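Visitor: how would this look folded up:
(one chain, ligands or ions: 3)
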Amino acid sequence: QWIMGIETSCDETSVAIVKNGKEIASNIVSSQIESHKRFGGVVPEIASRHHVEQITIVLEEALRQANIGFDDLDAIAVTEGPGLVGALLVGVNAAKALAFAHNIPLVGVHHISGHIYANRLVTELKFPLLSLVVSGGHTELVYMKEHGHFEVIGETRDDAAGEAYDKVARTLNLPYPGGPHIDRLAQEGNPAINLPRAWLEEGSYDFSFSGLKSAVINTVHNAEQRGEKISPEDLAASFQESVIDVLVTKTLRAVEEYKVKQVLLAGGVAANKGLRKTLQEAFDKLPNVEIVIPPLKLCTDNAAMIAAAGSILFEKGVRSTMALNANPGLDITIHN
Ligand code: ATP
Ligand code: MG
Ligand code: FE
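Guide: Ligands and ions are numbered 1, 2, ... in the order given. Next comes the predicted model:
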């Protein structure tokens with residue numbers, strides 16, 4: 001089975017070819033980060049234009065590297081949401097045009113289900129499982145009792161983890177996207193600054209990062225007013241420790257309550273060195289639960305993960321029609 005994945009939900013244009021839902025034959029990612037950097041974040045209109053410029057080039061390269069043609073494809077899987085509507089539309093329309101022209105089945109995929117299924121490119125999934133999804137727009141704990149079944153047991157009530165990283169980075173005058181820069185600084189600092197942790201109500205699996213973000217901003221401003229210099233390394237380390245502490249503690253509690261066999265780390269923030277290390281160490285002490293941490297290239301947006309999620313849908317008989325449309329607010333629990 002050969003599936004082509006197409007991903008254009010944000011600022012990466014990506015096309016991939018995946019064999020049998022788990023082997024990557026090609027995974028081409030064209031990033032627009034350089035174009036958005038000077039604005040300090042993704043500008044939707046610029047993102048759409050870049051996708052239009054890049055999609056054909058990326059597509060041809062994906063087929064070339066996989067050494068296959070359209071005749072070999074069993075399905076085309078495309079991110080239909082959530083994401084930026086103008087960006088999503090480029091991928092959705094490319095997928096529809098190709099599916100129609102070459103008479104290939106079309107499968108719409110939820111972007112976050114893609115992030116989760118990136119793990120199937122690493123290892124076989126074992127149910128029931130729990131996925132810790134930490135990305136630029138999402139922070140959630142997703143319980144899966146079987147393929148294609150998603151139950152969100154906790155989610156952020158305000159900022160996503162990646163969003164908090166990027167905003168804190170901005171306060172420290174670091175370039176966009178700030179996550180990797182904070183991560184790097186955190187390795188060199190000491191978590192000596194006292195910052196809050198939002199545990200929320202007892203038993204809640206929800207998250208909140210806006211209070212932490214404000215605390216970081218206040219710490220910087222108060223120091224400036226006193227004419228003091230705060231160590232960016234220590235601040236980054238303290239911020240990172242607070243984020244990781246809450247993420248890992250809640251994940252471990254959910255693992256116990258839901259008695260899962262496997263935990264999958266997913267989303268762009270899964271590239272975080274501190275998070276990866278802390279999770280690995282915590283799960284080394286739990287021999288009955290397997291932790292899966294994808295390689296960095298599969299954590300951030302890419303089309304191989306969309307093809308992997310699409311492969312499962314395709315096997316289940318799910319097909320999209322030519323009425324498929326971009327859906328910026330697509331719900332993962334309804335969309336299987
Ligand atoms: P979503 O997947 O929710 O739609 P998105 O696709 O924009 O959002 P991703 O591409 O999955 O998000 O992840 C991008 C985010 O990951 C950015 O916020 C970025 O700062 C963050 N990130 C990347 N690397 C790291 C890192 N090493 N440490 C912390 N954050 C990181
Ligand atoms: Mg991105
Ligand atoms: Fe993403």
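Visitor: Next one: Glu7 from Pro82, what distance?
Guide: Note on Glu7: its distance to Pro82, by C-beta to C-beta, to the nearest Å, is 12 Å. For the C-beta atoms, the positions are set from N, CA and C on the backbone; glycine is no exception.
Visitor: Between the two, tell me which one has more neighbours.
Guide: Glu7 (31 against 22; other C-beta atoms under 10 Å).
Visitor: Identify the contacts common to Glu7 and Pro82.
Guide: His111 (C-beta atoms under 8 Å, 6 or more residues apart in numbering).
Visitor: Tell me who's in contact with the residue of the chain found nearest ligand 1.
Guide: Going by C-beta to the nearest ligand atom, ligand 1 is nearest to Gly268 of the chain, at 1.8 Å. Applying C-beta under 8 Å, 6+ apart to Gly268 gives the contacts 134-136, 162, 179, 299-301.
Visitor: Which of these fall within helices?
Guide: 162, 179, 299 (DSSP state H).
Visitor: Skipping its backbone neighbours, what lies nearest the second one in space?
Guide: It stands for Gly179. Spatial nearest neighbour of Gly179, chain neighbours left out: Tyr165 (4.0 Å); criterion: C-beta to C-beta, 6 or more residues apart in numbering.
Visitor: One more: Ser31?
Guide: Glu12 (5.3 Å).
Visitor: so Glu290 sits right up against Val260, yeah?
Guide: No. If you go by C-beta atoms under 8 Å, Glu290 and Val260 don't touch, sitting 9.4 Å apart.
Visitor: Between these two, which is the more surrounded one?
Guide: Taking other C-beta under 10 Å, Glu290 and Val260 do not tie; Val260 has more neighbours (22 against 15).
Visitor: Is the one helix or strand Glu53 maps to positioned near ligand 2?
Guide: Using DSSP states H and E, Glu53 sits within helix 44-66. No. Against ligand 2, helix 44-66 shows no contacts by C-beta under 5 Å from the ion, the least distance being 9.4 Å.
Visitor: For Arg276, see how far away the residue of the chain closest to ligand 1 is.
Guide: For Gly268, the distance to Arg276 - C-beta to C-beta - is 13 Å.
Visitor: same thing with Lys229?
Guide: 30 Å.
Visitor: Counting neighbours, go ahead and name the busier of the two.
Guide: Arg276 (19 against 8).
Visitor: What score does the closest residue to that one other than its chain neighbours have for pLDDT?
Guide: Leaving aside its sequence neighbours, Arg276 sits nearest to Ile293 (C-beta to C-beta, 6+ apart; 5.4 Å). At Ile293, the model reports a pLDDT of 98.
Visitor: tell me which parts of the stretch 201-336 of the chain are close to ligand 3?
Guide: So far as C-beta under 5 Å from the ion goes, the stretch 201-336 of the chain lies against ligand 3 at Asp301.
Visitor: Could I get the full set of strands for the stretch 201-336 of the chain?
Guide: Applying DSSP state E, counting those that start in this stretch to the stretch 201-336 of the chain gives strands spanning 262-266, 290-292.
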